[in-house]
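Participant: For reference, the sequence and a predicted model appear below.
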Amino acid sequence: MALPQLFAELADVPWLLTALDLVGVFFFAVSGALLAARKDFDLVGSVALALLAGLGGGITRDIVLDRGLPASLQDPIYLAPPVLVSLLVYVKAIHPNRLNLTITLFDAAGLALFTVSGVMIAHAMGVHPVSVVVVATVGALGGGVLRDIVANEVPSIFDPRGVYVLPTFLGAVLATVVAMNGALNAFTGFLIAFLIFAVRMIAYRYQWRFFGAEISQDKESLERLRRLATQAQEAAARRVERTLERRLRSPGAPAFPDDDADGSYGPRQEYEDQVRVDDYDPQTQTITVVDPASHQQVRLDRGTGVMDVTDLRTGRTRSFDDPEHDWIADDPEDPRD
């Protein structure tokens, strides 16, 4: 039996949609748990974000389709992936070096699977093709939106970098057209899901943008914040090194200068007129600075290159990474790792 024929027959098996849903829940749950880790949430917060990311989209889809009690609430097995993933992240069994890249990978995989399963479910219920596309897109995006809102992140669908919604929408359109011709099965569904995943990751890698995206994204301002935070981090690291050298000459000196009388290991004269250092971790070399000119707080992680920018007037936080840096293989001699 040919492989496409085998997949076509499997499409009629009742557990196929459940399997697609569960795999999608797993991938989205991983993205939620990893975001919780990046935000330094505890285990409860990690489970909450994993549940929202993993189950939110499916619940939204089932409510819109009026399927009665959502599938994830009918069968307790849907709760297993988010809880399991949260525990694995909590005990550091899942501990990626490139956190933002890993979150994006799992998020893209969940996006692709939920898009295809949404089309399959809506089409099987006899929904109008246009509505099938809408339902599949909303169901695929719902979990990620809930995850980002609860984590105080600007939802990815509003981020001009990386083209987030377009792969989902086009994938839903393609899957609907295939379904209308009676050819949507496990084989073609997998191919469409892979296409959605590939387009999303390529868009992330090369930072594709829609026309006009630069208007809402002040690139020069972000580069200035990253440059100032990097300069402040380097100055703080030099001060810590000098402090350690002085203290190591004295008996009983602590391993790290956590009790600096000045209260900060940030820059003194070089940059104090531009940014103020709020916090610096000598072990991870993660620094938090405030830029009074733009009313923004910047947290720069040296190891991952992720820069969290918080608007002090609204409290909203956005994360900016360097995709070029994310995709570079780990170098044991690289001091950033």
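Facilitator: Thanks, I have it.
Participant: What residue spans form the domains of the protein?
Facilitator: 3-213, 218-326 (automatic domain parsing).
Participant: most packed of those domains?
Facilitator: domain 3-213 (a mean of 20; mean count of other CB atoms under 10 Å). All C-beta spots, glycine's among them, are computed from the backbone N, C-alpha and C.
Participant: Let me know the average pLDDT across that one.
Facilitator: Average pLDDT, domain 3-213: 84.
Participant: next one: stretch 314-328
Facilitator: 61.
Participant: got the contact list for the closest residue to Ser156 other than its chain neighbours?
Facilitator: The shortest distance from Ser156 to any non-neighbouring residue, by CB to CB, 6 or more residues apart in numbering, is to Tyr164 (4.8 Å). With contacts defined as CB atoms under 8 Å, 6 or more residues apart in numbering, Tyr164 is in contact with Ser156, Ile157, Arg200, Ala203.
Participant: In space, not sequence, find me the middle residue of this protein.
Facilitator: When CA atoms, centre = their mean is applied to the chain, the residue found nearest the centroid is Ile103 (4.0 Å).
Participant: which stretch of helix or strand covers Val309?
Facilitator: Secondary structure assignment for Val309, by DSSP states H and E: strand 307-311.
Participant: contacting residues around that strand?
Facilitator: Under CB under 8 Å, 6+ apart, the answer for strand 307-311 is 222, 225-226, 229, 295-301, 316-321.
Participant: How far does that strand sit from its chain's centre?
Facilitator: Relative to its parent chain, strand 307-311 has a centroid offset of 15 Å by CA atoms, centre = their mean, to the nearest Å.
Participant: got it, and stretch 24-39?
Facilitator: 7 Å.
Participant: One more: stretch 299-311?
Facilitator: That offset, for stretch 299-311, works out to 14 Å (CA atoms, centre = their mean).
Participant: and what of stretch 109-124?
Facilitator: The answer for stretch 109-124 is 20 Å, by CA atoms, centre = their mean.
Participant: ok, now stretch 176-196?
Facilitator: That offset, for stretch 176-196, works out to 26 Å (CA atoms, centre = their mean).
Participant: In the sheet, which residues pair with Phe296? Tell me.
Facilitator: In this structure residue 296 is Gln, not Phe. Here Gln296 sits in beta bridges with Asp291, Asp311, going by DSSP bridges.
Participant: Now do the longest helix anywhere in the chain: which elements does it pack against?
Facilitator: What stands out as the longest helix in the chain, according to DSSP state H, is helix 219-248. Applying 3 or more CB pairs under 8 Å, 6 or more residues apart in numbering; DSSP states H and E, we find helix 219-248 packed against strand 276-281, strand 286-291, strand 296-300, strand 307-311.
Participant: residues contacting Phe106?
Facilitator: So Phe106 contacts Phe27, Phe28, Val30, Ser31, Leu34 (CB under 8 Å, 6+ apart).
Participant: State the phi and psi torsions of the closest residue to Leu228 other than its chain neighbours.
Facilitator: Take Leu228 and drop its neighbours on the chain: the residue closest to it by CB to CB, 6+ apart is Val275, 4.9 Å away. Backbone torsions of Val275, given as degrees, to the nearest 10, read phi -130, psi 150.
Participant: hang on, the earlier thing: relative to strand 296-300, how tilted is the longest helix of the chain?
Facilitator: Helix 219-248 and strand 296-300 meet at an angle of 60 degrees, taking axes from the mean of the first three to the mean of the last three CA atoms, to 10 degrees as the criterion.
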